[in-house]
Each structure stands twice: as C-alpha cells, then as structure tokens.
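Asker: test case, fold it:
(chains A, B, C and D)
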There are 2 protein chains.
Amino acid sequence: MTQPNKYESVRDQVLDRIAHLEVGDALPPERSLADELGVARMTLRRALEELAREGVLDRHQGRGTFLAQPKISQQLEMTSFSEDMRRRGLVPGSRTLSMQTASAGASLGQRLELSPRASVVRVRRLRTADGEPMAIETLHVPAELVPDLSATDLDGASFYDLLVERYELSIATGHQVIEPTVLNAEEAEHLQAPEHSPAFLFERTSRSSEGRLIEFVRSVYRGDRYRLEVELHPPRRSAAIPSGGRRDERP
Amino acid sequence: MTQPNKYESVRDQVLDRIAHLEVGDALPPERSLADELGVARMTLRRALEELAREGVLDRHQGRGTFLAQPKISQQLEMTSFSEDMRRRGLVPGSRTLSMQTASAGASLGQRLELSPRASVVRVRRLRTADGEPMAIETLHVPAELVPDLSATDLDGASFYDLLVERYELSIATGHQVIEPTVLNAEEAEHLQAPEHSPAFLFERTSRSSEGRLIEFVRSVYRGDRYRLEVELHPPRRSAAIPSGGRRDERP
DNA sequence: AAGTGGTCTAGACCACGGC
DNA sequence: CCGTGGTCTAGACCACTTT
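Answerer: Numbering: from 1, shown residues only, chains lettered A, B, ... in the order given. Predicted coordinates:
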C-alpha cells in the first residue's frame, strides 16, 4: 500500500476486482463491496465516484453500478501526443526537425517563468500517426532540467516518458489555449497538406506537482486529421463570479 | 428550501455568506462554518468541494479556504452562448437570421434520433458579443418539443433559458465535436471578418436528464475573437480501459 | 502547540427501480 | 416490498502550515 490515501488504493482494488467483467455487467452492491474490501462505504463511494467520473463505471440510483462502455472522447486530458494517438487507435511517431539551446529572451522567459538570460532547449518535431504527418510540435524546456538531452533521445519517443524515466520529472497540471489557424507554407510542406488549410494551434504550459514550470509547447495540428471531442457536463448553475449578484432563487 | 439536496442549498448559503469578501480573503474554518450553517462538516465540505471545482474558492491544507480570483478559463462546460459570453465579461446578443420548419431528412434525422419525416425547427442566429459579431449558430430542434416557437422569442434571448421557462425542458449532458475551419463568403459577410480567416466549428448534441435528444447545434466562431482555454488535469493513470491489464504496481 | 483542511468511519435515513 | 445508490451525520484521526 504505497498510496497515501486509502480511496486511491481502493480505486485500484476495484479495478482489479472488476477486470474480468464484461461491458454492462453489474458490480456488487456498494455495501457488500465495501465490506469485502474492508473499508467504510463512504470510502468505497469516493473511489467509485472517481471511476464514474473517469467513465469506467455507470451508476444508477436504485439499479446498481455497471461496467461502462470504454469511452473514446476522454479528451482534453493531460496526455502526451503518443498517448493521445494510441487512444485514437493510431501508431504515434516522431521525427526531430531541429534542436538548439539558446537563451530564453523576454517573451519566452516570461512564459517559462525564467530569467531572459536562462538557457532553454528548443526542439521542433514532426509528429506522425500511422506514419502520416499529424502535427508540428515546438517544445521549450529550461535547459537545466534536461542536461545531456539529445535529438535522438526524442526520435520516436514520448517526451513525457523520457522526463519520468531519465530526469525524474513528472508533469502534474497544465494550461492550454486552443485556437483555430491556417497552415503557412512551411508548415504545409512538413505536414503534406495544402497551404492555408485549417489547423489547430495549441499552446500548453505544464507544471510539476511542486508547481515548477516544466515546458511550453506550441503545436500545430492538421485540421483534416485531428479533431476534439468533449463530453459536456451539467451546467454549473449561476456560480463562478460571486460578485454581489443574486443567486438563482426558486419560487 | 426548494433544492432537494442539502449540500446544494448549503452551497448557495456559502455564496451569500461570502458575497462581501474580497478576492484572497479567508473563509471561516470549516468547523465553524458548518456549525453556523447547522450542518455536518462533511456536508459543508461537499459544498465547498463543488465551489472549489467551479473555481470560486481556493483551498489549502493547513492554511485555509480563500475566495479565488474569478477564472476566465472555466471553459468547455455545458453553458449557453449567453452564459459563456458573460463569463468572458462581454454582453451577449442575438439576431435571428432565418427560421423554418421542415422534415428532418435522413442525416439530420439520424443526428436527432428522429424519423426522417419528423418535423424539425431550424433557426439560424447571428450571435454577438458587445454588439460585435462573434458566431453564427444553426440550431435544430424537434418541432414537437417547442410548439409555437417564434423568431422573436429568440431575439436577444438564451435558448436554454427559454427551454426551461416555457417548455420545462432542461439540458443535462452534451457531446461536442470541435474542428478548425475557415469562413466561407457568406459566413465572412455575417461575421464581418475576412473570407478564409480561421474559425472554430462546433457541433453539439444535447440531451435532457431523461436521455432525450433535444438539440443539434452547429456553430461557427470567429477565430480572432474566440479561443478556448482549458486546465489540464493529472493524467488518469492506466485507467479507462480496464481490460485485464495490470494496474500500476509500486515496488 | 494550535489550527487548518483532508481522510475515514459506522451508521442512519432518503429516493428510486424493479419485483 | 426490498434492494439499490444518494445523502447526511457526529466524531475520530491524519497531514500540513503557522505561531
């Protein structure tokens, strides 16, 4: 039991416990399952809530809890390109276009919360899916975080895996801005798509669990091969800006 | 007390209770606040968790709970255009471009889970923010759900509010596909933006809590005025597809 | 050491679905 | 009616931050 919180380990125990079930099968009732796992029902429920939120389980009051159909649109999570492609049933690949180390400069320094004189590694990669060009990714990382990083390290590999395995850095949270754009001539050439054709522009900054800024990534994705799908959640009532205004009042 | 769940009313009471606070101010400790509101601490915590998830509060173990800076990036929730614009600090508006009722036809019938012969209301609206064109929205609703809907009903109003107030329909969940696109000549004219300039294409289907399909909406947003911001959450460990694979095992 | 939020417990009752 | 998940309670202890 290396997890600090019991409900996390309970979550994993539940996953083991239901590994042999088919989609649509019912789980044991909460009371029995809690008993079986030796935890309070509230603790089990916390684990089940997380699994339901992740889309693994469907819960219905009065009926029971069931193994859900695996979801495809678990999008906009903090996944790497590689993981994202695998979820879409494609084989991810990578070809490094350029790599250099230089001082951050004003604007990049600000984004990475570094001194403008700090050294930053900039890697430009063509990302492929099933061998076809999918995106151009420009990665910026503080040089001190990734000593001895070489271009071949990144060929065909997941940067996030490399961070964990070699530099013991793991990314915990991120902030991403998404805009529509069109391909310029150079991007179009790399991506083997028409110039001016629609594309996504993603700008992501990622932090470690300690809050340290680890990367700034700018990615351009072909609009004809890549799209986002999201499940929209229940409208959070008035919420959000509690500025004196009236809350919703029911008659 | 018209809310069925106590934690919902507690949530609203907390919002009232903190309405006069400035950003960064501390809330009373959970124990006192629970006492004051006459509920168990667990119930109060459920309300506080929701408010923290919505971005209204920041909570820090050992320090306290604080009124958060209003967030801009609460994106990709199931909000209406009107609500979305308000959150961005803009004044939403609407001008109905066209409205007609016709039979669904094959493809639209499929999307709306209707017979191809079923009657569907199609409304095209120009959506504005601070008076400037922001998006073109094409809404499709089964006609039987919205008897006597007229074009003026929708001028300047939120369709979702109208659904609730007049038709007693409320939207619970949705599925949205997001693609980059470019404006065609007609869209460009309505949106007062250059032809071929980047734009977002959203296609959304929404359901009531009973699972009934209520609407299919196709929206084109100006890429120079609208962008998405998302907070990326921790990578859900192996999860999601519980197909016999090993869960993460720590030594 | 004191005070905060975070977790966990054991049990009660409620709301809903199916028999 | 019974069994299910959903809510709520009162209290305990833990982990973290500040004094």
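Asker: let me see the ranges of the helices in the stretch 1-150 of chain A.
Answerer: Assigned by DSSP state H, counting those that start in this stretch, the helices in the stretch 1-150 of chain A fall at A:6-17, A:30-37, A:41-53, A:81-87, A:106-111.
Asker: now the closest residue to residue A:153 other than its chain neighbours, what's its secondary structure?
Answerer: Closest residue to residue A:153 apart from its sequence neighbours, by C-beta to C-beta, 6 or more residues apart in numbering or on different chains: residue A:162 at 6.1 Å. (C-beta placed from N, C-alpha, C; glycine too.) For residue A:162, the assignment made with DSSP: H, G, I helix; E, B strand; the rest coil gives helix.
Asker: what is the burial count for residue A:162?
Answerer: Counted by other C-beta atoms under 10 Å in any protein chain shown, the residues lying close to residue A:162 total 15.
Asker: and the one 5 residues further on, by the same measure?
Answerer: Residue A:167 sits with 15 neighbouring residues when counted by other C-beta under 10 Å.
Asker: quick one: low-confidence parts of the stretch 101-250 of chain A?
Answerer: For the stretch 101-250 of chain A, the stretches with pLDDT under 70 are A:209-210, A:233-250.
Asker: mind doing that once more with 80?
Answerer: For the stretch 101-250 of chain A, applying pLDDT under 80 flags the ranges A:151, A:156-157, A:164-165, A:168-173, A:208-211, A:230-250.
Asker: isn't residue A:202 right next to residue A:216, touching?
Answerer: No: using C-beta atoms under 8 Å, residue A:202 is not in contact with residue A:216, being 11.2 Å away.
Asker: quick one, which of those two is more surrounded?
Answerer: With neighbours defined as other C-beta under 10 Å, residue A:202 and residue A:216 compare such that residue A:216 has more, 22 against 18.
Asker: report the beta-bridge partners for that one.
Answerer: Beta-bridge partners of residue A:216, counted by DSSP bridges, are residue A:140, residue A:205.
Asker: that one: what's it in contact with?
Answerer: Going by C-beta atoms under 8 Å, 6 or more residues apart in numbering or on different chains, residue A:216 touches A:108, A:111, A:112, A:139, A:140, A:203, A:204, A:205.
Asker: from these, which are also near DNA strand D?
Answerer: Among the contacts of residue A:216, no residue lies close to DNA strand D (C-beta under 7 Å from any atom of the strand).
Asker: distance to DNA strand C for these - can I get that in a markdown table?
Answerer: Compiled in a markdown table, those are given as follows (distance: C-beta to the nearest atom of the strand, whole Å):
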| residue | distance to DNA strand C |
| --- | --- |
| A:108 | 34 |
| A:111 | 29 |
| A:112 | 28 |
| A:139 | 32 |
| A:140 | 32 |
| A:203 | 29 |
| A:204 | 26 |
| A:205 | 24 |
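Asker: quick check: the farthest pair among these?
Answerer: For the contacts of residue A:216, with distances taken as C-beta to C-beta, the pair at the greatest spread is A:108 and A:204 (14.0 Å).
Asker: the two - which one has more neighbours?
Answerer: residue A:204 (20 against 17).
Asker: who touches that one in this structure?
Answerer: Counting by C-beta under 8 Å, 6+ apart, residue A:204 has contacts A:174, A:175, A:176, A:177, A:215, A:216, A:217, A:219, B:232.
Asker: which stretches of the stretch 51-200 of chain A form strands?
Answerer: Using DSSP state E, counting those that start in this stretch, the strands of the stretch 51-200 of chain A run over residues A:57-60, A:64-67, A:92-103, A:119-129, A:132-142, A:171-182, A:198-208.
Asker: residue B:47 is nearest to which of the ones you listed?
Answerer: strand A:57-60 (21.0 Å).
Asker: residues of chain A that sit close to DNA strand D?
Answerer: Counting by C-beta under 7 Å from any atom of the strand, chain A sits next to DNA strand D at A:4, A:27, A:29-32, A:41-42, A:45, A:48, A:59-65.
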